[in-house]
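>>> for reference, the sequence and a predicted model appear below.
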Number of protein chains: 2
Amino acid sequence: MQSRGDLAVVLLSGGMDSATVLAIAREEGFSVCSLAFDYGQRHRFELELAAHQARAQGALRHMVLQVDLRAIGGSALTDDLAVPKEAPGEGVPVTYVPARNAVFLSLGLAWAEVLGARAIFVGANQVDYSGYPDCRGEFLRAFEAMANLATRAGTEGRPFQVRAPLLELGKADIIRRGLALRVDYGKTLTCYDPGPGGLACGQCPACRLRLRGFAEAGVPDPAPYAAR
Amino acid sequence: MQSRGDLAVVLLSGGMDSATVLAIAREEGFSVCSLAFDYGQRHRFELELAAHQARAQGALRHMVLQVDLRAIGGSALTDDLAVPKEAPGEGVPVTYVPARNAVFLSLGLAWAEVLGARAIFVGANQVDYSGYPDCRGEFLRAFEAMANLATRAGTEGRPFQVRAPLLELGKADIIRRGLALRVDYGKTLTCYDPGPGGLACGQCPACRLRLRGFAEAGVPDPAPYAAR
């Protein structure tokens, strides 16, 4: 258990995983500064929901940083490629954004160093989506080692911890954990390609995993979906 | 020696070190895509000089990415703190930008993956400026290890190399190397706090190191300086 008031940076996307991670960091006693990225993603709804979660869960500060990953390209999430409408397949998905978590965690690290935060929380999960290389524990451990060589704080004996409390959990377990912490999943968006008003499609790989998770947890998903 | 045409991403700042690194990458036979960052630095001259070096040295592409490190704060190079006007002291300088090389290399890594480049060149140097934790070989090796776990290419057996050919060179050696490769140092800017028109101040720690390097190399510095 963390001593009350210790500061953490939480990477917040507007999705259900990072909303759950924020709740876990708060429950552990951290004061939280949350960080979202405007990186040229296909839609803005998730940024609105990230800001909502930050407010609703009592983040001290919430910052939206612009990083133009669209200029770099290479992903269905930032380019004009079709987002798949089927269940996840083998290998690395087309929705993989090159080195995204390395970029986001590096910016989280920079902010953590300025704030004097010692922990950086991220919603990475390697159970449902092992296709993303940068959601694996092995990557996160390598990032943490790099972070403690990259920074003044790390090299002066105030090391950073990269925390991924959902890493080994399935979606249903994440949902149970979040509901116990009163996360409002009605105000999260998981869909890769939402329709007007931010309605989730219910068809893309991310929606399918989410819906299966709620079904397994035995609770209805409170988020708004397009008619199915 | 690299086979002609292999692609590298070179991080280019407009300073003399990264201009030299670009020349080394070209001499090794790489085709180069150069990457500069508009990160809220105090002045724009270095971005103009980076674009000039990219053109003059035959980069295939040159991209300027916006990353708002000013929003994160914590450095005399991005905040409204005074830049020191004396020789470098002990410890980490106030011009340290938290986690800057981790952020820049992560974005270079993302672009390298999209381009299919296997090498990322950076002007890091640990001789003159050991005060910057993210200019040390130890950091660069940890970054490379992280990079190869963070990416599809790295995990699928097409690993990235982080190349820092100036790492162990003193300033005079860097200058001799660059002059042999016909780098135009008149079109580079090292100064932390240039005056109108991009004239170097000649007084800040970066100018002092540069001028001492040229003196040791026995050649005049062709860059424009404010009257001293």
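Happy to help now that I have it.
>>> which SS state does the residue lying closest to A:Gly14 once chain neighbours are set aside fall under?
Counting by C-beta to C-beta, 6 or more residues apart in numbering or on different chains, A:Gly14 lies nearest to A:Glu46, which is 3.1 Å off, once chain neighbours are set aside. All C-beta atoms are positioned from the backbone trio N, CA, C, and that covers glycine. Three-state call for A:Glu46 (DSSP: H, G, I helix; E, B strand; the rest coil): helix.
>>> so A:Glu46 sits against A:Ser13, correct?
Yes. Between A:Glu46 and A:Ser13 there is a contact under C-beta atoms under 8 Å: 5.9 Å.
>>> I'd like the distance between the residue nearest to A:Gly14 and chain B.
19 Å (C-beta to the nearest C-beta, to the nearest Å).
>>> likewise A:Ala117?
If you measure A:Ala117 against chain B using C-beta to the nearest C-beta, the figure is 11 Å.
>>> and the closest residue to that residue other than its chain neighbours, how many neighbours?
Distances taken as C-beta to C-beta, 6+ apart put A:Leu7 closest to A:Ala117, at 4.0 Å, once the chain neighbours are dropped. Using other C-beta atoms under 10 Å in any protein chain shown, A:Leu7 is surrounded by 17 other residues.
>>> ok, now the one 3 residues further on?
Residues lying near A:Val10 (other C-beta under 10 Å) number 31.
>>> part of a strand, is it?
Yes. According to three-state DSSP, A:Val10 belongs to a strand.
>>> any weak-confidence spans in chain A?
Low-confidence segments of chain A (pLDDT under 70): A:1-5, A:75-94, A:128-130, A:228.
>>> what packs against whichever helix in chain A runs longest?
Counting by DSSP state H, the longest helix found in chain A is helix A:100-115. Contacts defined by 3 or more C-beta pairs under 8 Å, 6 or more residues apart in numbering or on different chains; DSSP states H and E place helix A:100-115 against strand A:7-11, strand A:31-38, strand A:119-121, helix A:137-150, helix B:69-72, helix B:100-115, helix B:137-150.
>>> figure out which of the ones you listed is closest to B:Leu211.
helix B:100-115 (24.0 Å; C-beta to C-beta).
>>> just the buried residues of that closest one, please?
Buried residues in helix B:100-115, defined by neighbour count with 16 or more other C-beta atoms under 10 Å in any protein chain shown: B:100-115.
>>> pretty sure A:Thr188 is touching A:Val21, no?
No. A:Thr188 sits out of contact with A:Val21 when judged by C-beta under 8 Å, with a separation of 11.6 Å.
>>> ok, the two, which is more surrounded?
In terms of neighbours (other C-beta under 10 Å), A:Val21 is the more surrounded of A:Thr188 and A:Val21; the figures are 31 against 26.
>>> ok, now which ones touch the more buried one?
By C-beta atoms under 8 Å, 6 or more residues apart in numbering or on different chains, the contact set of A:Val21 is A:Val10, A:Leu11, A:Phe121, A:Val122, A:Gly123, A:Ala164, A:Pro165, A:Leu166.
>>> Throw the residues you listed into TSV and include distance to chain B, thanks.
Converted to TSV, the contacts of A:Val21 look like this (distance: C-beta to the nearest C-beta, whole Å):
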residue	distance to chain B
A:Val10	15
A:Leu11	14
A:Phe121	17
A:Val122	13
A:Gly123	16
A:Ala164	14
A:Pro165	20
A:Leu166	18
